[in-house]
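[1] Just the structure for this:
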Amino acid sequence: MASNPNVSRLSLYDIVRTPGVAVDLSHIDRKIKVEGYNGQDNLLKVLDGSDVVIIPAGVPRKPGMTRDDLFNTNAGIAMNLAKACATACPKACILVICNPVNSTVPIFSETFKKMGVLDPRKIMGVTELDTLRARTFLAAELDVDENAYTVPIVGGHAGTTIIPLFSQLPGDLIEQIDVPALTKRVQFGGDEVVVAKAGMGSATLSMAYAGATFANSVLAGLKGEMNIIEQAYFQQDVLGCKFFASQIELGRNGIERALPIPKDITVSEQKAIEKAVPVIQEQIAKGIKYVEQNF
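    Take a look at the predicted model:
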C-alpha cells in the first residue's frame, strides 16, 4: 500500500512493534506519510480521517483448524475494531480480511448498524485470494498466462462455500480441465500453506498480495476510475443469505453494484451453491448473534 500513488497517508496499528514497521516503510522512495502506533489508546487516532481501512487482524490458522475454529478469538477483535471504525471513520471503505470472513463481515455490518452508520456498500469481505488461486491454478493446468482468464467465484470464503464458476470460461475450456480437482484446490488452497509451513503460520504473503490488489482497486474506484470489476463478500440478499460473495463493480461509493449469479452455470455448480447456502446462513447468524450478545 505504501507504493500506491493514490495513498498519501498510511497509518499502521498493532499490539507491538508497529513504529518500527512504519520507519522501515518510510525509507522507500515514495512521497507518503507513514505512521505506526501501538495500543488500544491510539486506535481512534490511527483511524481518524481514513478513506480505506484494511483489517488483517486476528490469530492465524494452525494445522487442523478451520476458519470457523478462529471465531471465538477473532470475533471479539473484529467487533472492537468495528466500533472504532464506526466512531473514527464511519464513511471509510472497510476491507475485512480477519477470518472467518463469513462471520466477521456480519459482525462489522451489525456493529455499524447498531451505531447508526451502516452503509452496506462500504463493508467488504476480502475474497480476492480465492480469485487469484483460481486464476493461478487454472493457468498452470492450461499452460497459459496467469492473467488469461478470470473465474467468477460466488458463495462465501471458507471451504466448500467457495464456489468457482469454471462454467463461465470461454469456448470449450471447461472440457480441458479437471473441474472437481481445481475446485477443491481453490476451496482448500489455504490448507496447502498451513501444512507446508508446518504449523508456523498460514497464508500471509499471498493474502497480503491479494489484500493489496483489492485495496488498490477500491482506491481506484474511489478516485473515479470506471469499470473496475472485483469480487467480495458483503451484505446483499442472495438465495436467502443476508451476505454473499459475488463479483462487484467498484466506484466512488465503494460497491456500486453486484453482478448476479450467471444463469448458465452447470448442474454441479448449482448443487454446490444450494449446499453452501445453509452453511453460509449459519455462519452469518453466528456473527450477528455474537454482536447481539456482546455489543
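
[2] where along the stretch 1-150 of the chain do the strands fall?
    Taking DSSP state E, counting those that start in this stretch as the criterion, the stretch 1-150 of the chain contains strands spanning 9-14, 33-38, 52-55, 93-96, 123-126.

[3] buried ones in the second one?
    Of the residues in strand 33-38, those buried under the neighbour-count criterion (16 or more other Cβ atoms under 10 Å) are 34-38. Every residue, glycine included, has its C-beta placed from N, CA and C.

[4] returning to what we had before: pick the most buried one from the strands of the stretch 1-150 of the chain.
    strand 123-126 (a mean of 29; mean count of other Cβ atoms under 10 Å).

[5] shaky segments in the protein?
    61, 67 (pLDDT under 70).

[6] Can you pull up the most central residue in this protein?
    Val126 (1.1 Å; Cα atoms, centre = their mean).

[7] hang on, that residue packs against Asn216?
    No. Look at Val126 against Asn216 with Cβ atoms under 8 Å: they stay out of range, at 11.9 Å.

[8] who are the neighbours in contact with Tyr37?
    Tyr37 makes contact with 11-13, 18-19, 43, 45-46 under the criterion Cβ atoms under 8 Å, 6 or more residues apart in numbering.

[9] Could you report the separation of it from Asp119?
    Plainly put, Tyr37 is 26 Å away from Asp119 if you go by Cβ to Cβ, to the nearest Å.

[10] coming back round to it: output the strands of the stretch 1-150 of the chain in CSV, with distance to Val291 appended to each entry.
    CSV is the format used below for the strands of the stretch 1-150 of the chain (distance: least, Cβ to Cβ, whole Å):
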stretch, distance to Val291
strand 9-14, 22
strand 33-38, 26
strand 52-55, 16
strand 93-96, 14
strand 123-126, 13
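
[11] Between those strands, which one is closest to Val238.
    strand 123-126 (13.7 Å; Cβ to Cβ).

[12] CA atoms of the closest one as PDB?
    Below are the C-alpha coordinates for strand 123-126, written out as PDB (Å, rounded to 0.1, in the frame of the first residue of the first chain):
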ATOM      1  CA  ILE A 123     -18.000  -3.000   4.300                       C
ATOM      2  CA  MET A 124     -16.400  -5.700   2.200                       C
ATOM      3  CA  GLY A 125     -15.000  -9.100   3.000                       C
ATOM      4  CA  VAL A 126     -11.800  -9.600   1.000                       C
END
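
[13] Identify the neighbouring strands of it in the sheet and state each direction.
    Its sheet considered, strand 123-126 pairs with strand 93-96 (parallel), strand 228-238 (antiparallel) by DSSP bridges.

[14] Check the offset of that strand from the chain's centre.
    Remark: strand 123-126 is offset 5 Å from the chain centroid, using Cα atoms, centre = their mean, to the nearest Å.

[15] cool, and stretch 89-108?
    8 Å.

[16] for stretch 258-277, same thing?
    For stretch 258-277 - counting by Cα atoms, centre = their mean - the centre lies 20 Å from the chain centre.

[17] Alright, calling it a day.
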